[in-house]
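A.B. asks: when you get a sec, could you give me coordinates for this:
(2 chains)
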Amino acid sequence: MIAYILKRLVFMVPMLLGITIISFVIIHLPPGEPGALGMEMNPKVTKEVRERVRAMYDLDKPIPVQYYLWLKRFARLDFGRSFSSDRRLVIDKITERLPITVSLNLLALMLELGLGIPIGVYCAKYKGSLLDKGLTAFVFAGFAIPTFWLALLCMLLFGVYFDLLPITGLKSFNYSEFSFFGKIADLARHLVLPVLISAFGGLAGMSRFMKSSLLEVLRQDYITTAYAKGLPEGMILRKHAVRNALLSVITLLGMAVPGLIGGSVIFETIFGIPGMGQLFYMSVMSRDFPVIMGILVIGAFLTLVGNLLADIALAVADPRIRIG
Amino acid sequence: MARRILLGLLLLLLLSSCSKKEEIGRYDDPGQPAYGDTLVTSSIGEASNLIPLLATDGASHDIAGYVYNGLVKYDKDLKIVGDLAGSWDFSPDKLTITFHLRKNVRWQDGRPFTAHDVLYTYKVTIDPRTPTAYSSDFLMVKKAEALDDYTFRVTYDKPFAPALISWGASILPSHLLEGKDITTSPLTRAPVGTGPYKLKEWIAGDRIVLTANPDYFEGRPYISRVIARVIPDPATQFLELKNGGIDMAGLTPLQFVRQTEYPKFRREFNKIKYLGFNYVYLGYNLKHPFFRDKRVRQALTYAVNKQEIIEGILLGQGVVADGPYKPDMWAYNPNVRKYPYDPKKAEALLRDAGFVKGADGRLSKDGKPFEFTIMTNQGNDVRIHCAELIQRWLAALGITVKIRVIEWAAFVNQFIDARKFDAVLLAWTIPQDPDIFDIWHSSKQGTKELNFMGFENKEVDELLVKARQTFDQEERKRCYWRIQEILAEEQPYTFLFIPYATLAVQKRIKGIVPAPAGITYNFIKWYVPLDQQRYRTETGNGTGQRQDMNQDIKR
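C.D. replies: Residues are numbered from 1 along each chain as shown, chains lettered A, B, ... in the order given. Have a look, this model is predicted:
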């Protein structure tokens, strides 16, 4: 087992290296350079200034040399400083946004599970009924409606017309003046729309997965046996069927782990939430190479680790993988 | 059952904190100036660096503008007045400027402001290690010296008219920066200036909070707190404005004219407009065989209905441009040759230039059909719509126009810099100082330089140099007026329009007077009467404050 994990870990190194090379080349392909973007078409910027700034960012060197310099820093786990004029450490920029995105995504994921699993169970139990059809239509509507459009409509309805919920951001201006419960209520009010809407989009996947695996389980012989024993239906579902069906949902969860750090650009932009998606989008638009690379590498690393964890979990559960 | 109770509780929680309806006419009373309250603004991008020397983005400069001062500034009519400098005088040969600095000014950390700060700012700006976009004006300085704590003198090699306003650059605190690496200074995130507001809090990606500087040398600002929120999506920004979450926001023409025309908005907001500091133009590549002929360019201008562009695309929120300045500037010459929409004249001029109409109604010269491409940048619908209208008008004359819309960085690098274009639809900022040397002088045609149209006119060259070497406004005016006459005759661009800056400001905020300089020139005099204040602020004077808890929870 340990040998298997070690083998997988060693294989991760060339994979990660390959990812960084491809990312680095691709982000240098589009025209436009950092720093220069703010200076484009600005009468006050002379040629000398432009050259000086390029040299400062090492942009006057060929791309392989730039990659080598980046890799050298990265080997010491130094992601360098942002090219944007704030010159902050990339790692600071990422760590101040990561908790926001992770906690939002976690909340949404929990809601997806909390709603998706019961929906899946009901649909499987009453397969073909009106309830099943209605719920299916509902979750597919969530899947099909563009999130940004729904978000704007909800903001208009609950924010502007009914004036019930705040539209953007996470906290009120005078958040620090609130009591403990005031703070919780304030945060909750800000979170209602983003969490609900992002969970709505993911309901379809979760509930359909649950439904189909439950239907699979319900066809098994041991369920028939349970019915034959005369167990009440509720107990059959709870004790035998759902538990077994959940195993496959847990695999689905494992695959969702890397998604927790990648915020949605459109979503965060609309709700004005300062998360990873916004950071990534803004750094792409301003060609802030160190930040882009930082996010890509962390994302790639987590994906690889997530895959490894999923494989290990499967190996623990299934001896055929472990041995074979 | 339990779930239903939970749901009910949640609903109750939400409903209990929703705000009550505003009374009608609550904000109509101008009231008395009072300290307190908060102004909430928003921007699409986040500020990046609050040392203005190092920042090139508008969001950073907007915030830094509250925190720092220059030696001089523009007043509401765009005249240069003293800021940190109480007065200044020129030597008789106009090569030396001596600034007499104000003596009662303190940095926000309590240290006095002196001429050494000015000298430091000059030195760090021209330091080759400083990554700044703003060194070019200061590089023309021959000598800069601090004669004593309150006298600062600069000497130039030759007279340079924009020199005076170049000292409007933000002066930085030498006691916090000298001898340190400015790019990694804590001041990039926590500025210390001499200005009316100081930074209180910066929540990355979310907002910046500024509080009034009670010791500001021009007097304490009435509005106690300014919050600049980051709302990246323009549609959300508009929703937040309508919802009361922000107090001041720019509006698109459609929002200004139509989408804000309902009673509640009118009750809550003042809509303000003033002429913007930019003009939109159709620029011709003067190396192009067809556009080399002045008559062709004049014909195209006659063929463009500028008024219809303004009515149709800007919904009336703009004025016709016929030169590079806006009508409320002293440099603007109203008596230049005008080109009212006249397709007949356009046709005649094209005929003179040797174009003949073929059987299919299309124009050609020497067998070459009159076809060209208008390029513009992605993300600006107004420009794209303009190009479409122009395409239609020119098609009526028999000219085939194609439109190409390209992402900004690619547009500049691959087409503008490589001079690979026929015509472009772009805009220029109208500078407050009328010096337009960089755009029109024939020497400015190198890569990355701004005369990319290839405009060459000897008289304009001479006038541009003369105008920047004299400080006499009448003399400069004569130069710029003549330049505008030549530009109007030559039509290297078809000047299209100057849009209005259109915005909405919450009605409780009083004291806003639009002027040629915009509206924020008297920001420290803006106020909210006590009985209309919405937010409690710790620096407010406490008595008679409206304690609108609902509003407080809501925000």
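
A.B. asks: doesn't residue A:15 make contact with residue A:308?
C.D. replies: No. At 10.8 Å, residue A:308 and residue A:15 do not qualify as touching, with contact defined as C-beta atoms under 8 Å. The way it works is simple: take the backbone N, C-alpha and C, and place the C-beta from them, glycine included.

A.B. asks: what sits in contact with each of these two?
C.D. replies: Common contacts of residue A:308 and residue A:15 (C-beta atoms under 8 Å, 6 or more residues apart in numbering or on different chains): none found.

A.B. asks: so what pairs up with the closest residue in space to residue B:90 that isn't next to it in sequence in the strands?
C.D. replies: Nearest in space to residue B:90, with sequence neighbours left out and distances taken as C-beta to C-beta, 6 or more residues apart in numbering or on different chains, is residue B:97 at 5.8 Å. Beta bridges link residue B:97 to residue B:90, residue B:154 when assigned by DSSP bridges.

A.B. asks: so residue B:97 sits against residue B:88, correct?
C.D. replies: Yes. Using C-beta under 8 Å, residue B:97 is in contact with residue B:88, at 5.7 Å.

A.B. asks: who has more neighbours out of those two?
C.D. replies: Between residue B:97 and residue B:88, counted using other C-beta atoms under 10 Å in any protein chain shown, the more crowded position is residue B:97 (22 against 19).

A.B. asks: burial count for residue B:143?
C.D. replies: 10.

A.B. asks: per-residue pLDDT, it?
C.D. replies: Here the pLDDT value assigned to residue B:143 is 93.

A.B. asks: return the distance of whichever strand or helix holds it from the chain's centre.
C.D. replies: Residue B:143 belongs to strand B:141-148 when elements are defined using DSSP states H and E. Taking C-alpha atoms, centre = their mean, to the nearest Å, one finds strand B:141-148 lying 31 Å from the centre of the chain it belongs to.

A.B. asks: name every strand pairing with that strand and say which way it goes.
C.D. replies: Applying DSSP bridges to the sheet, strand B:141-148 is found paired with strand B:151-156 (antiparallel).

A.B. asks: contacts for whatever helix or strand comes next after the strand it pairs with?
C.D. replies: Scanning forward in sequence from strand B:151-156 by DSSP H and E, the next helix or strand is helix B:163-166. The contact list for helix B:163-166 (C-beta under 8 Å, 6+ apart) reads B:72, B:74, B:80, B:88, B:97, B:137-138, B:140-141, B:154, B:156, B:432-433, B:471.

A.B. asks: so for helix B:163-166, what gets flagged as buried?
C.D. replies: Neighbour-count burial for helix B:163-166 flags B:163-166 (criterion: 16 or more other C-beta atoms under 10 Å in any protein chain shown).

A.B. asks: closest to chain A among those residues?
C.D. replies: residue B:166 (9.5 Å; C-beta to the nearest C-beta).

A.B. asks: residue B:242 versus the closest one, what's the distance?
C.D. replies: Distance, residue B:166 to residue B:242, by C-beta to C-beta, to the nearest Å: 41 Å.

A.B. asks: show me which residues of the stretch 101-250 of chain B are close to chain A?
C.D. replies: Residues of the stretch 101-250 of chain B lying near chain A by C-beta under 8 Å from any C-beta of the partner chain: B:128, B:131-137, B:183-184, B:188-189, B:203-207, B:209, B:227, B:229-233, B:235-236, B:239-240, B:242-243, B:245.

A.B. asks: helix or strand with the lowest mean pLDDT in chain A?
C.D. replies: Taking mean pLDDT, DSSP states H and E as the measure, the helix or strand of chain A with the lowest value is helix A:36-39, at a mean of 56.

A.B. asks: can you pull the residues of the stretch 51-200 of chain A lying near chain B?
C.D. replies: Checking the stretch 51-200 of chain A against chain B by C-beta under 8 Å from any C-beta, the hits are A:52-53, A:56, A:84-88, A:93, A:96-97, A:152, A:155-156, A:159-160, A:162-174, A:177-178, A:182, A:185-186, A:188-189, A:192.

A.B. asks: quick one, which of those residues are buried?
C.D. replies: Applying 16+ other C-beta under 10 Å to those flags A:52-53, A:56, A:84-88, A:93, A:97, A:152, A:155-156, A:159-160, A:164-174, A:178, A:182, A:185-186, A:189, A:192 as buried.

A.B. asks: any idea which element the nearest residue to residue B:292 once chain neighbours are set aside lies in?
C.D. replies: Distances taken as C-beta to C-beta, 6+ apart place residue B:286 nearest to residue B:292, at 6.3 Å, with adjacent residues excluded. Under the criterion of DSSP H and E, residue B:286 resides outside all helices and strands.

A.B. asks: residue B:286: how many residues sit nearby?
C.D. replies: Residue B:286: 18 neighbours (other C-beta under 10 Å).

A.B. asks: same question, the one 3 residues further on
C.D. replies: Neighbours of residue B:289 under the rule other C-beta under 10 Å: 10.

A.B. asks: sec struct for it, please.
C.D. replies: Secondary structure for residue B:289, judged by DSSP: H, G, I helix; E, B strand; the rest coil, is coil.

A.B. asks: may I have the phi/psi pair for it?
C.D. replies: The phi/psi pair for residue B:289 (degrees, to the nearest 10) reads phi -60, psi -40.

A.B. asks: pLDDT below threshold where in chain A?
C.D. replies: Counting by pLDDT under 70, chain A has low-confidence residues at A:32, A:34-46, A:263, A:314, A:317-324.

A.B. asks: go through it and flag its longest helix.
C.D. replies: When chain A is parsed with DSSP state H, its longest helix is helix A:180-218.

A.B. asks: wasn't residue B:274 part of a strand?
C.D. replies: Yes. Counting by three-state DSSP, residue B:274 is located in a strand.

A.B. asks: look up how far chain A lies from the residue nearest to it when sequence neighbours are not counted.
C.D. replies: In this structure, residue B:274 finds its nearest non-sequential neighbour in residue B:514, 4.3 Å apart by C-beta to C-beta, 6+ apart. To chain A, residue B:514 is 26 Å away according to C-beta to the nearest C-beta, to the nearest Å.

A.B. asks: if I look at residue B:514, how far off is residue B:241?
C.D. replies: Residue B:514 is 19 Å from residue B:241, by C-beta to C-beta.

A.B. asks: on that earlier part again, neighbour-wise, which of the contacts of helix B:163-166 leads?
C.D. replies: residue B:154 (24 neighbours).

A.B. asks: ok, it - contacts?
C.D. replies: The neighbours of residue B:154, taking C-beta under 8 Å, 6+ apart as the test, are B:96-97, B:99, B:122, B:141, B:143-145, B:163, B:167.

A.B. asks: brilliant, that's me finished.
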